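1. Next comes the sequence, and after it the predicted model I'd like to discuss.
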Amino acid sequence: HKEYETISLKDHWVVDFASDADMHEQDVALDEIPFSEAAMEDTIELSRILPGNTIVQPQICLRLSHCAFDVYLDQQLIYSYGKELYEEGKLLGSGYFWIPLPEDCEGKKLSIRIKKVRESRLLQLGNTCIISAEDAQKRLVTDNFLTIVISVFLIIIAIIELGSVFLLLHIQKPIRALVSISAFSFLTAVWMSCNNKTIQFLIRDYSTITMIEYIALYYMPVGVISIVYDSFHRPFHKKVMRTLEYLFLAMACVVVCLQAANVYHLPVWVGIYWRILLIAILTVVAFLFLERKRPSQLEKKIEANGLLIFLVFVLVDALYCIYRKNPGLVMLGKQELFPVGLLIWIEAMIVGFVLSMYHIFMSEMRHDLLMKIAYTDSLTAISNRTKCEEVLQQYEKNKTSILLLNMDLNNFKQINDTHGHSEGDQ
């Protein structure tokens, strides 16, 4: 892990709220800014004096979500984002903002005026720092290396699984599983890339990134439930799983339509989403424990155990995010369990799928062998009387004209009686 030279701007901020002159805080750390419920849609001004700078081509690395903001240096505007979107009531994006500074910025007053909306999150401000332009994006990759690797791996898995569908068109059940796993892998990879903002290397529009992030997030449970549906055997469990699948699908479609009509933005619903997801995870975990008492194939046990570990990890993350009042599930660096649980589940699904395909192909081979034995004459190695009768019945059913040639060997019994049945068979 490479260490990049940075100057932390976490401490010594002055905080002012536009709507309340009495709300004035001195010497505040960014991760300790006091927010009341009334201040959630307020304009907030953060200001401080910049420390000494030794960094070449310095930039402020600032992460904000769903905010319009202006950055001033000694009262001169040096950066602005989201003013028109804010005035039109449209979705404000989230991501890393790299704001250039002059190298002689020491002692100058930095001010950040943030126009917040209710879905805004400021918990990431604690990582605000000054970093060189050369190292800024490199650090983003380094800090999110694990999730980048997992995202690339998931996309590769999705492509391989979709390719496998065309090779297994004659087997219906594995195709459903492959399509579901492929869709879930792709959605998860997209969501992770948007959530840790590494997708900014490909997409520069912050609103588009946020829209893709939340659409993928809302549709992900549909893929998970579709994958795990066949793991349950009890009719009640299957019915509940199908109901949850339709519930998440309906919710995702509704919130996307409301976003398209610019009635409600996608982040508004994320609190409700996480609470429903929390109930769904607890339900699936309870059902999995009940289903563990039933005898099942080895591959089903492996997949169920992998899913159980994944859901427990997601449950811990969800509870942590609700506790931190951060329903958007921001990647929390080394505290994040989601990628680890996801890798475990994917490995379990791959092992289970390979075992399942092995059993299917072995079953087909046994079936073909039994059919061959049942319809083949052991002496001549050609179709026997049973097969012949089936063929003739099919011709008769289809009213097809045929020519039947019947041959007989005269005095063949004498050969068997004289030289033995072994010679006769030859």
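-> Received it, and whenever you're ready, just let me know what you need.

2. How about the contacts made by Ile209?
-> Contacts of Ile209 were listed using CB atoms under 8 Å, 6 or more residues apart in numbering, and they are Gly93, Ser94, Gly95, Cys194, Lys197, Ile199, Gln200, Ile203. From N, CA and C alone the C-beta is placed, and that goes for glycine too.

3. What's the first helix or strand after the host helix or strand of it?
-> Assigning secondary structure by DSSP states H and E places Ile209 in helix 206-228. Using DSSP H and E, the helix or strand that directly follows helix 206-228 along the chain is helix 235-260.

4. can you tell me which residue is nearest the centre of the chain?
-> Nearest to the mean C-alpha position of the chain, by CA atoms, centre = their mean, lies Thr188 at 1.6 Å.

5. Now do the same contact list for the nearest residue to that one once chain neighbours are set aside.
-> Sequence neighbours aside, Leu154 is the residue nearest to Thr188 in space, at 5.6 Å (criterion: CB to CB, 6 or more residues apart in numbering). Neighbouring residues of Leu154 by CB under 8 Å, 6+ apart: Ser185, Phe186, Thr188, Ala189, Met192, Leu342, Ile346.

6. any chance of those in CSV, plus pLDDT, secondary structure and distance to Arg366?
-> Listed next are the contacts of Leu154 as CSV, based on pLDDT from 0 to 100; DSSP: H, G, I helix; E, B strand; the rest coil; distance: CB to CB, whole Å:
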residue, pLDDT, secondary structure, distance to Arg366
Ser185, 84, helix, 32
Phe186, 88, helix, 36
Thr188, 87, helix, 37
Ala189, 89, helix, 38
Met192, 87, helix, 42
Leu342, 79, helix, 36
Ile346, 79, helix, 30
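
7. just curious, which of those residues is nearest to Arg139?
-> Within the contacts of Leu154, the smallest distance to Arg139 is 18.0 Å, found for Met192 (CB to CB).

8. surely that closest one meets Ile150?
-> Yes: using CB atoms under 8 Å as the test, Met192 is close enough to Ile150 to be in contact (6.6 Å).

9. show me where pLDDT drops low in the chain?
-> Counting by pLDDT under 70, the ranges of the chain that qualify are 1-2, 19-22, 33-42, 116-124, 126, 164-175, 177, 293-296, 320-336, 426.

10. could you pull out the strands for it?
-> Under the criterion DSSP state E, strands of the chain are mapped to 6-8, 13-17, 20-28, 43-49, 58-65, 68-73, 76-81, 94-100, 109-115, 129-132.

11. how close does the nearest residue to Ser356 once chain neighbours are set aside get to Trp13?
-> Take Ser356 and drop its neighbours on the chain: the residue closest to it by CB to CB, 6+ apart is Glu299, 4.8 Å away. When CB to CB, to the nearest Å is applied, the distance between Glu299 and Trp13 equals 55 Å.

12. quick revisit: output the helix holding Ile209 as PDB - backbone C-alpha positions only.
-> What follows is helix 206-228 as a C-alpha-only set of coordinates in PDB (Å, rounded to 0.1, in the frame of the first residue of the first chain):
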ATOM      1  CA  TYR A 206     -21.700  13.000 -11.100                       C
ATOM      2  CA  SER A 207     -25.500  12.800 -11.500                       C
ATOM      3  CA  THR A 208     -25.200  10.000 -13.900                       C
ATOM      4  CA  ILE A 209     -22.900   8.100 -11.600                       C
ATOM      5  CA  THR A 210     -25.400   8.500  -8.700                       C
ATOM      6  CA  MET A 211     -28.300   7.400 -10.800                       C
ATOM      7  CA  ILE A 212     -26.600   4.300 -12.000                       C
ATOM      8  CA  GLU A 213     -25.400   3.500  -8.400                       C
ATOM      9  CA  TYR A 214     -28.900   3.600  -6.900                       C
ATOM     10  CA  ILE A 215     -30.600   1.800  -9.800                       C
ATOM     11  CA  ALA A 216     -28.100  -1.100  -9.400                       C
ATOM     12  CA  LEU A 217     -28.500  -1.000  -5.600                       C
ATOM     13  CA  TYR A 218     -32.300  -1.200  -5.800                       C
ATOM     14  CA  TYR A 219     -32.300  -4.100  -8.400                       C
ATOM     15  CA  MET A 220     -29.600  -6.200  -6.700                       C
ATOM     16  CA  PRO A 221     -32.000  -8.000  -4.200                       C
ATOM     17  CA  VAL A 222     -34.100  -9.200  -7.100                       C
ATOM     18  CA  GLY A 223     -31.000 -11.100  -8.500                       C
ATOM     19  CA  VAL A 224     -30.100 -12.500  -5.100                       C
ATOM     20  CA  ILE A 225     -33.600 -13.800  -4.400                       C
ATOM     21  CA  SER A 226     -33.900 -15.300  -7.900                       C
ATOM     22  CA  ILE A 227     -30.600 -17.200  -7.300                       C
ATOM     23  CA  VAL A 228     -31.500 -18.500  -3.900                       C
END
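
13. tell me the angle of it relative to strand 76-81?
-> Per axes from the mean of the first three to the mean of the last three CA atoms, to 10 degrees, the angle that helix 206-228 makes with strand 76-81 is 30 degrees.

14. Flag every buried residue along helix 206-228.
-> 206-207, 209-228 (16 or more other CB atoms under 10 Å).

15. and the angle for that helix with strand 58-65?
-> Inter-element angle recorded for helix 206-228 and strand 58-65: 50 degrees (by the same axes, to 10 degrees).

16. and the direction of helix 206-228 versus that of strand 94-100, what angle?
-> Put simply, helix 206-228 runs at 150 degrees to strand 94-100, going by the same axes, to 10 degrees.
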